[in-house]
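[1] got a structure for you, letters missing:
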């Protein structure tokens, strides 16, 4: 038992949790913006996966990790706007559209990878670039907390900036006010002169850019190459974190932290020689349980509110 506790609270566990949290933060913040605007983008998983490949190919062709990252962001914006066009302009069901986008990304990335490398499983043969890693001076020398500021990818610090941006954007800016108004009551927002479609397109663009960053981190920070279907449902976990956190940036961040720790905990469970299937499914079990608890709490709140009326 002491060995397990030591492993759970070791520096390696903290580092691994932060690495997973970085990935979840990008997807969760993207979902928060979308849901706040009133439309849930189920296609975040597909944007993650395809942007990850675009980042690899972009950095390989340009030999620049920055250009690879920017190309992934542009691709994320394009896919997200396409999702918005299909759902808002053509009236496509957002769930079906999101699932179609995810399937397109899964099959399309394999096709493109095979066309470029001749391999369907991995981009390891491509000399793609990865983002640099940094440590924060002075803070990295402080005992006990130095593990929080030592040798993390550029994307980890960028994820912090993204959370701050989303908090300020939603709460303190005119576009954030419009996004919230459109999400709460699009008819009322339209009646006071707000262009609902334009606001939602703006939200989709920002969401896609952030999800594109998450895809870039996946192959330029978390890993160093692309692997077929490497997202493994992480996009859906981000949507769950968004909803569990009450569709707020800070709440989403805390929920993402819980899921990140559960993901790392599954690796610790390997030391107990538990079933591989149980270990692999543990983070998703935590997700289902957490959503059930949140759903039950919301149900009780609605029931009490109904009684008062």
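    In hand now; what should we look at? Nothing here was measured: the structure is a model prediction, and the numbers come from that model.
[2] what ranges do the strands span in the stretch 1-150 of the chain?
    Secondary structure of the stretch 1-150 of the chain (DSSP state E, counting those that start in this stretch): strands at 133-134.
[3] scratch that, the stretch 151-300 of the chain
    Secondary structure of the stretch 151-300 of the chain by DSSP E, counting those that start in this stretch: the strands cover 152-153.
[4] Could I get the full set of helices for it?
    Counting by DSSP state H, counting those that start in this stretch, the stretch 151-300 of the chain has these helices, from start to end: 154-172, 174-184, 186-191, 196-217, 234-244, 249-268, 276-308.
[5] could you dump those to CSV with distance to residue 109?
    From N, CA and C alone the C-beta is placed, and that goes for glycine too. Rendered in CSV, the data for the helices of the stretch 151-300 of the chain read as follows (distance: least, C-beta to C-beta, whole Å):
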stretch, distance to residue 109
helix 154-172, 20
helix 174-184, 30
helix 186-191, 34
helix 196-217, 10
helix 234-244, 14
helix 249-268, 22
helix 276-308, 22
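[6] Next, format those helices as CSV and append mean pLDDT.
    Converted to CSV, those look like this (pLDDT from 0 to 100):
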stretch, mean pLDDT
helix 154-172, 94
helix 174-184, 94
helix 186-191, 91
helix 196-217, 95
helix 234-244, 89
helix 249-268, 84
helix 276-308, 69
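[7] Quick check: which of those is nearest to residue 118?
    Evaluated over the helices of the stretch 151-300 of the chain, closeness to residue 118 peaks at helix 196-217, with 22.9 Å, by C-beta to C-beta.
[8] before we move on, the earlier item: out of the helices of the stretch 151-300 of the chain, which comes closest to residue 131?
    Between residue 131 and the helices of the stretch 151-300 of the chain, the tightest spacing by C-beta to C-beta is seen for helix 154-172, at 4.2 Å.
[9] tell me which strands and helices that closest one is in contact with?
    Using 3 or more C-beta pairs under 8 Å, 6 or more residues apart in numbering; DSSP states H and E, the elements in contact with helix 154-172 are helix 11-37, strand 133-134, helix 174-184, helix 196-217, helix 249-268.
[10] picking up where we left off before, any chance of the helices of the stretch 151-300 of the chain in CSV, plus mean neighbour count and distance to residue 67?
    Listed next are the helices of the stretch 151-300 of the chain as CSV, based on neighbours: other C-beta atoms under 10 Å; distance: least, C-beta to C-beta, whole Å:
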stretch, mean neighbour count, distance to residue 67
helix 154-172, 17, 14
helix 174-184, 18, 28
helix 186-191, 14, 38
helix 196-217, 25, 11
helix 234-244, 25, 24
helix 249-268, 21, 28
helix 276-308, 12, 33
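[11] Indicate which one of those helices is closest to residue 71.
    Once C-beta to C-beta is applied to the helices of the stretch 151-300 of the chain, the stretch that comes out nearest is helix 196-217, at 8.5 Å.
[12] That closest one versus helix 174-184: what angle between them?
    With axes from the mean of the first three to the mean of the last three C-alpha atoms, to 10 degrees as the basis, helix 196-217 and helix 174-184 are set at 110 degrees to each other.
[13] Relative to the whole chain's centre, how far out is helix 196-217?
    Going by C-alpha atoms, centre = their mean, to the nearest Å, the spacing between the C-alpha centre of helix 196-217 and its chain's C-alpha centre is 12 Å.
[14] picking up where we left off before, may I see the helices and strands packed on helix 154-172 organised as TSV, with distance to residue 294 added?
    As requested, the helices and strands packed on helix 154-172 are exported to TSV (distance: least, C-beta to C-beta, whole Å):
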stretch	distance to residue 294
helix 11-37	14
strand 133-134	35
helix 174-184	19
helix 196-217	22
helix 249-268	9
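[15] Much appreciated, bye for now.
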